[in-house]
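**Student:** Provided below are the primary sequence and the corresponding predicted coordinates.
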Amino acid sequence: MVVKEKMVQLPEKRSLMNDLYKVQKKDIKKAAKVLANAFSDDPMLNKIFDDEDQYRIMYEMMTKFSFRYGNVVSTSDNLEGVMTITPHDKQMSFWRIIRSGAFFLSLKLSSVFKNMSQDTRQQ
């Protein structure tokens with residue numbers, strides 16, 4: 001008696017990343033705004049930043065950095081949802097911030113942190 005084995009066809013291996021829109025350079029500001037809006041109610045960030053402009057600057061800097069050294073993807077080219085991915089070995093060093101084009105944004109953020117530390121000392 002010969003038994004025929006049934007061949008099971010496995011689905012093709014696909015990466016979920018293939019289904020996502022890769023954010024273009026022209027989309028960076030809009031992607032940063034989407035991220036800033038998504039995290040605007042974060043209790044930790046609300047203790048650090050006191051206005052929407054500071055959120056936008058921080059997320060624009062992080063998005064530019066991730067665009068240069070990792071990936072920035074969205075659900076579609078309409079940017080309904082955005083995810084930034086930076087490899088663990090790409091720390092945000094001074095030179096990498098400059099190369100990513102986020103240097104002037106980091107200067108704006110550093111002035112925010114400087115003002116915060118001065119306010120803390122005065123209290």
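**Tutor:** Great, that's in hand.
**Student:** Kindly indicate whether residue 41 is helix, strand or coil.
**Tutor:** coil (DSSP: H, G, I helix; E, B strand; the rest coil).
**Student:** quick one: it from residue 25, how far?
**Tutor:** 29 Å (Cβ to Cβ, to the nearest Å). In this view, the C-beta of every residue, glycine as well, is placed from N, C-alpha and C.
**Student:** cool, residue 98 as well?
**Tutor:** Taking Cβ to Cβ, one finds residue 98 at 17 Å from residue 25.
**Student:** how about stretch 65-77: buried residues?
**Tutor:** For stretch 65-77, burial by neighbour count (16 or more other Cβ atoms under 10 Å) applies to 65, 66, 67, 68, 69, 72, 73, 74.
**Student:** how about low-confidence regions in the chain?
**Tutor:** 1-17, 102-106, 108-123 (pLDDT under 70).
**Student:** Do a quick rundown of the strands in it.
**Tutor:** For the chain, the strands defined by DSSP state E occupy 21-22, 71-74, 82-85.
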